[in-house]
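Colleague: sharing a sequence plus its predicted fold:
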Amino acid sequence: MRTPIRRFCAILDQHTTNVEDGRRFAAYLIDWFLSALCMMLPMCLSWLYVTKEVETMRYVNVWTLQTLLGTKSALLIALAALACALFYEVIVPWKIYPGQTIGKRVMGYRMETKDGHTPGLMALLLRQGLGLFVLEGCLFNASALISNAISMVSGLNVTGIFLWASIVLTIISLIIALSSPSRRMLHDYLAKTHVVRTEETTK
């Protein structure tokens, strides 16, 4: 009789990958930094335009922008910030470097669908937008932006709920990745993608 752990592992993708965990983590760090940089750009520019202060820019977030500019303006800036983050995580691998964020390009990896094609817009929105920014959001700053904006609109403090839910889902995602030789994470299963070395790409 199979144990629950064996049954769990049996449903995971068992195809072996030669993607190195350390290099993939390095790609994540590059993407985390550049994604956060893109996201913060409209927020920091708005702060600088109004306050003319560079030193206090480190305090900028949705709530400080609300205090400074009002709720409507803060939400519009938050929307622009999210759009910038999505540009980096979705548009870049869709139109600029097909299948690659800058981090993956630097480290020699790319995303593919399971049939070997470059992910389209919908797959990237599922993988990068829903998968990374929401489900595994504790790994990306955009998650805090989203939860803060929802809290501001609804009047309910959902930030803690978002954070702890994303922590649990991220732990599950890491367990899934480490439990199979394919190293696919939750966002990969969601979008039906996997990460491969550049020289392994088929189409």
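Modeller: It's in.
Colleague: check contacts around residue 68.
Modeller: 47, 50-51, 74 (Cβ atoms under 8 Å, 6 or more residues apart in numbering). For every residue, glycine as well, the C-beta is placed using N, CA and C.
Colleague: of those residues, which belong to strands?
Modeller: Taking DSSP state E, every one of the contacts of residue 68 sits outside strands.
Colleague: got any ranges where the protein has weak pLDDT?
Modeller: 1-11, 200-203 (pLDDT under 70).
Colleague: which stretches in the chain count as strands?
Modeller: According to DSSP E, the strands that the chain contains are 109-113, 193-197.
Colleague: spatially nearest residue to residue 61 (excluding sequence neighbours)?
Modeller: Counting by Cβ to Cβ, 6 or more residues apart in numbering, the nearest residue to residue 61 once its immediate chain neighbours are dropped is residue 148, at 6.9 Å.
Colleague: now for residue 130: which residues touch it?
Modeller: Contacts for residue 130 (Cβ under 8 Å, 6+ apart) come out as 187, 190.
Colleague: setting aside sequence neighbours, what's the nearest residue to residue 187?
Modeller: residue 131 (2.7 Å).
Colleague: who's in contact with that neighbour?
Modeller: Contacts of residue 131 (Cβ under 8 Å, 6+ apart): 185-188, 190-191.
Colleague: between those residues, which is nearest residue 173?
Modeller: Residue 173 lies nearest to residue 186 out of these, by Cβ to Cβ, at 3.7 Å.
Colleague: who's in contact with that closest one?
Modeller: Residue 186 touches 131, 135-136, 169, 172-173, 176, counting by Cβ under 8 Å, 6+ apart.
Colleague: where do the helices of this protein begin and end?
Modeller: Here the chain has its helices, by DSSP state H, at 4-10, 21-51, 62-69, 71-86, 102-107, 121-124, 141-154, 159-178, 186-191.
Colleague: quick one: closest of the strands of the chain to residue 22.
Modeller: Once the strands of the chain are compared by Cβ to Cβ, strand 109-113 is nearest, at 12.0 Å.
Colleague: elements contacting the closest one?
Modeller: helix 21-51, strand 193-197 (3 or more Cβ pairs under 8 Å, 6 or more residues apart in numbering; DSSP states H and E).
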